[in-house]
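J.: Let me see the structure of the following:
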Amino acid sequence: MPRLATKRNIPSNANDYWEQFWTLPESADDVFLLVGSQDIGRVRDEARENLECLIEKILSRLFSLCDSPQFLSPEAPVSHLLNCVRVLTRLFPFVFESDDLMIWEERFFWTPHGSAALHQRRSNLGHLNGPTQPSGTEDHSLKSTTLHSKRISFAPKEQLQDSEETTHGHRLIKTLLDLLFTSGFTLPTALESKNRVSYVIWETGIGSSKPIGTSKELDDNRTEILRLLLVLFSRSMYIPPTAITTTENRWIDAVVTGSDRQITLAILCSLVNSALKYNPSGWGLPYNHVMFNDQRELLVMLCLQVIVVLLDYQVIERPTTPPSHFSAGIRIEIGAVDSHNQESSSSDSPSNVPVPNTNTTPSDQQAQRTSEVTHKNQFRFYLSRLHREQDFLFLTDGMYRILSNPMAASSTYLPGSTKQVKCHIETLMFCWKTLEVNKRFRMYLLETNRVLDFVVILLYFSLEHKLDPTHVGLVRMCASMLQTLSKDKAFGHTLNRPFDGHASLPASVRIHNFHGTYGDYLICSIQHLIATTKRTLRSLYPALISTLSNVSPYIQNISPLASSRLLQLTTSFASPSFLLAEESNHRLLGILLDTVTSILYYQATHNPHLVYALIQYESKIQTMARFTLQRGLDDIHKLRYRKDSSSSAAHFTSGADGHRTPIVLWVDFHCFNNDILTSPDSGSIVGPKYIALATVSGNVATFKT
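T.: Coordinates of the predicted model:
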């Protein structure tokens with residue numbers, strides 16, 4: 001790598017030198033060790049032509065390996081392919097972070113190259129040699145949506161010649177997506193498919209009922225490809241925040257808008273199923289994670305990260321263009337892997353991915369579906385179409401299995417006996433995106449009361465990481481999810497169920513002597529979260545207070561503890577020091593007052609403890625009613641005087657008789673009476689057996705005993 005920075009214009013035909021990048025490394029660690037960050041930076045800034053040549057050589061080798069008839073044979077070893085992927089993973093962040101390379105990136109990756117286009121057309125004919133079927137045999141009915149095994153066929157050469165020229169960027173994305181579903185590389189070789197690439201779902205779950213099998217080698221290869229895809233998708237991280245909403249990320253856009261429908265469904269279901277099938281407990285034996293290294297978690301984390309990035313991407317609207325070359329000439333047939341289910345397949349089968357059903361002809365249905373997702377995020381679109389109860393049950397169980405792991409690991413009798421996963425944050429992000437995209441999933445959680453399990457998890461993460469600056473984003477996400485859930489009327493009614501499992505919670509989030517409902521626990525947890533963070537989470541106050549306000553008309557049987565906590569929170573927000581600290585704080589107090597009023601208006605007969613607590617807080621409520629700006633300022637001045645007095649100390653030294661002990665006199669220089677320093681209560685500063693009088697001259701106090 002240092003040679004790239006020191007020697008300019010290394011010829012592209014120096015094959016002995018360029019081949020070292022995909023022949024020497026034996027692992028991902030070797031690539032990161034041989035291709036150092038400082039060396040990459042020097043090459044980028046001092047010998048850019050060498051960096052361009054290196055990337056072009058790596059891409060050329062990657063494409064030739066994938067197109068080779070001897071793919072995965074000694075003539076085209078898989079180690080060379082993996083090293084090409086690893087080197088690209090190492091190089092792209094340095095390309096993205098340089099503003100000077102933006103124009104070069106656009107020209108190199110997204111400008112059509114004639115030779116590349118011709119090579120792509122030739123490779124399409126030799127790659128994936130599947131049978132060509134007449135277009136009239138396509139079946140777009142609900143029965144044809146099973147994704148257990150599909151044979152990919154390409155249109156004749158004449159159709160390909162009419163497609164747009166291929167760019168390096170599009171071809172790289174297309175190649176990586178193919179590699180995710182390549183037999184012998186990321187899929188088992190035993191699949192009954194005539195093609196090298198078969199867009200089948202990796203794991204059982206959504207859209208699949210029969211496992212295809214996997215191995216550690218296949219999982220490792222999937223991990224390498226997903227890591228490079230994630231690096232490419234991270235292009236948005238290098239866009240200024242002011243331009244992020246108007247700047248297109250072409251790497252993500254090529255996937256979410258340019259992929260064929262069946263390819264999109266295969267990717268979506270494979271990533272989701274692989275992530276949510278993961279069981280952190282393994283065999284269920286204590287300390288099993290100490291004896292065995294779990295490589296599966298890395299794949300799960302990458303699956304979640306990639307799918308969250310794809311779901312979160314907002315497509316920038318642009319003029320309508322012809323369909324991408326990704327879907328040009330591709331037809332999908334049902335294979336034989338799950339042939340025993342083909343005859344019995346129906347729209348109600350959990351193996352079918354839900355799609356719209358109309359009375360139009362197949363060609364009209366395809367045109368309608370194309371128009372629905374044109375220039376839209378197809379991953380968000382198809383995730384929003386899920387509606388089967390079996391799919392929702394799979395999503396709920398998989399999410400809860402991962403999200404509950406940190407809570408279970410911290411409450412075991414044997415410390416460290418349970419493996420604690422690191423992918424819970426990504427799982428929570430995916431849960432949030434699913435709630436945001438699919439309203440039917442949110443209703444499923446509410447109707448089955450499974451939403452209560454997620455409420456406890458959200459409160460646990462918020463309370464556990466409330467003082468950790470590195471997890472402030474996690475706490476913010478939990479607050480936003482609670483606010484999102486609270487908008488549904490059914491959520492407020494669900495909170496009235498008794499919280500019988502409170503005793504099993506970790507000690508850090510358990511409330512002493514708690515007996516109440518989920519609503520009581522929600523109120524107490526939010527009050528504790530606000531009261532113990534010293535306003536470090538003040539940006540989350542609106543979301544937390546709005547959550548209480550949204551559920552207030554439906555809360556019943558509030559416990560004495562929760563009633564007291566709610567009024568404590570209200571009076572603390574009514575204190576002048578908080579009320580006048582920021583311009584919008586009075587709105588938070590208004591929301592809290594509306595919350596209490598709403599409970600009394602709609603559920604007064606079912607909340608006697610709150611009524612009793614209001615009687616106890618009568619004096620504070622009256623003070624709140626008499627509040628004026630002047631009184632608030634006076635109270636703030638008094639608090640400041642008391643704070644200043646606590647930092648000013650006068651030390652009274654004892655005599656030599658041995659009977660006097662040192663006395664510390666806390667002096668309040670604002671309590672004067674004709675130059676005599678007095679205490680607010682007795683008129684003089686009193687110590688044990690002695691009375692200290694002080695005369696003040698300027699800023700000097702003279703004490704006499």
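J.: Below-threshold pLDDT in the stretch 451-600 of the chain: ranges please.
T.: Applying pLDDT under 70 to the stretch 451-600 of the chain flags no residue at all.
J.: 80 instead?
T.: Confidence mapping of the stretch 451-600 of the chain against pLDDT under 80 gives the ranges 581.
J.: quick one, helices of it?
T.: 451-464, 472-486, 489-494, 518-531, 541-551, 560-573, 576-579, 585-603 (DSSP state H, counting those that start in this stretch).
J.: quick one: buried residues of the shortest one?
T.: Of the residues in helix 576-579, those with enough neighbours to count as buried (16 or more other Cβ atoms under 10 Å) are 576, 578, 579. (Glycine included, C-beta is placed from N, CA and C.)
J.: Same list (those residues) but as TSV, adding distance to residue 467.
T.: Supplementary listing: those in TSV, determined by distance: Cβ to Cβ, whole Å:
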residue	distance to residue 467
576	26
578	19
579	25
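J.: between those, which is nearest residue 376?
T.: Minimum distance to residue 376 across the buried residues of helix 576-579 is 44.6 Å, recorded for residue 578 (Cβ to Cβ).
J.: so what's the closest residue to the closest one other than its chain neighbours up against?
T.: Among residues not flanking residue 578 along the chain, residue 585 sits closest, at 5.9 Å (Cβ to Cβ, 6 or more residues apart in numbering). Residue 585 is in contact with 573, 578, 579, counting by Cβ atoms under 8 Å, 6 or more residues apart in numbering.
J.: Contacts only, for the first one.
T.: Taking Cβ under 8 Å, 6+ apart as the criterion, residue 573 is in contact with 579, 585, 588, 589, 592.
J.: change it to 10 Å
T.: 530, 541, 545, 579, 585-586, 588-593, 624 (Cβ atoms under 10 Å, 6 or more residues apart in numbering).
J.: Show the buried residues in the residues you listed.
T.: In the contacts of residue 573, the ones that pass as buried (16+ other Cβ under 10 Å) are 530, 541, 545, 579, 585, 588, 589, 591, 592, 593, 624.
J.: Just put the residues you listed in JSON lines and tack on distance to residue 609.
T.: As requested, the buried ones among the contacts of residue 573 are exported to JSON lines (distance: Cβ to Cβ, whole Å):
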{"residue": "530", "distance to residue 609": "21"}
{"residue": "541", "distance to residue 609": "25"}
{"residue": "545", "distance to residue 609": "21"}
{"residue": "579", "distance to residue 609": "27"}
{"residue": "585", "distance to residue 609": "28"}
{"residue": "588", "distance to residue 609": "24"}
{"residue": "589", "distance to residue 609": "22"}
{"residue": "591", "distance to residue 609": "22"}
{"residue": "592", "distance to residue 609": "18"}
{"residue": "593", "distance to residue 609": "19"}
{"residue": "624", "distance to residue 609": "21"}
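J.: Residue 102: which of the residues you listed is nearest?
T.: Lowest distance from residue 102 to these (Cβ to Cβ) belongs to residue 541, with 39.7 Å.
J.: hang on, that closest one packs against residue 588?
T.: Yes. Using Cβ atoms under 10 Å, residue 541 is in contact with residue 588, at 5.6 Å.
J.: With distance to residue 240 added, can I get the helices of the stretch 451-600 of the chain in JSON lines?
T.: Listed next are the helices of the stretch 451-600 of the chain as JSON lines, based on distance: least, Cβ to Cβ, whole Å:
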{"stretch": "helix 451-464", "distance to residue 240": "31"}
{"stretch": "helix 472-486", "distance to residue 240": "20"}
{"stretch": "helix 489-494", "distance to residue 240": "38"}
{"stretch": "helix 518-531", "distance to residue 240": "33"}
{"stretch": "helix 541-551", "distance to residue 240": "27"}
{"stretch": "helix 560-573", "distance to residue 240": "37"}
{"stretch": "helix 576-579", "distance to residue 240": "35"}
{"stretch": "helix 585-603", "distance to residue 240": "31"}
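J.: out of those helices, which comes closest to residue 231?
T.: Judged by Cβ to Cβ, the one of those that comes nearest to residue 231 is helix 472-486, at 21.0 Å.
J.: distance between the ends of stretch 187-203?
T.: Using Cα to Cα, to the nearest Å, one end of stretch 187-203 lies 11 Å from the other.
J.: and what of stretch 530-543?
T.: End-to-end distance of stretch 530-543 (Cα to Cα): 12 Å.
J.: What residues of it count as buried?
T.: Buried residues in stretch 530-543, counted by 16+ other Cβ under 10 Å: 530, 537, 540, 541, 543.
J.: quick one, what contacts the first one?
T.: Residues near residue 530 by Cβ under 10 Å, 6+ apart: 466, 537, 538, 540, 541, 544, 545, 568, 569, 572, 573, 588.
J.: Among those, pick out the one closest to residue 640, please.
T.: Using Cβ to Cβ, these come closest to residue 640 at residue 572, 18.4 Å.
J.: neighbours around that closest one, how many?
T.: Residue 572: 16 surrounding residues under other Cβ atoms under 10 Å.
J.: What of residue 509?
T.: Residues within reach of residue 509, counting by other Cβ under 10 Å, total 20.
J.: what about it, distance to residue 466?
T.: Residue 509 sits 10 Å away from residue 466, going by Cβ to Cβ, to the nearest Å.
J.: mind checking which helix or strand the residue nearest to the spatial centre of the chain is in?
T.: Nearest to the mean C-alpha position of the chain, counting by Cα atoms, centre = their mean, stands residue 429 at 2.9 Å. Using DSSP states H and E, residue 429 maps to helix 424-437.
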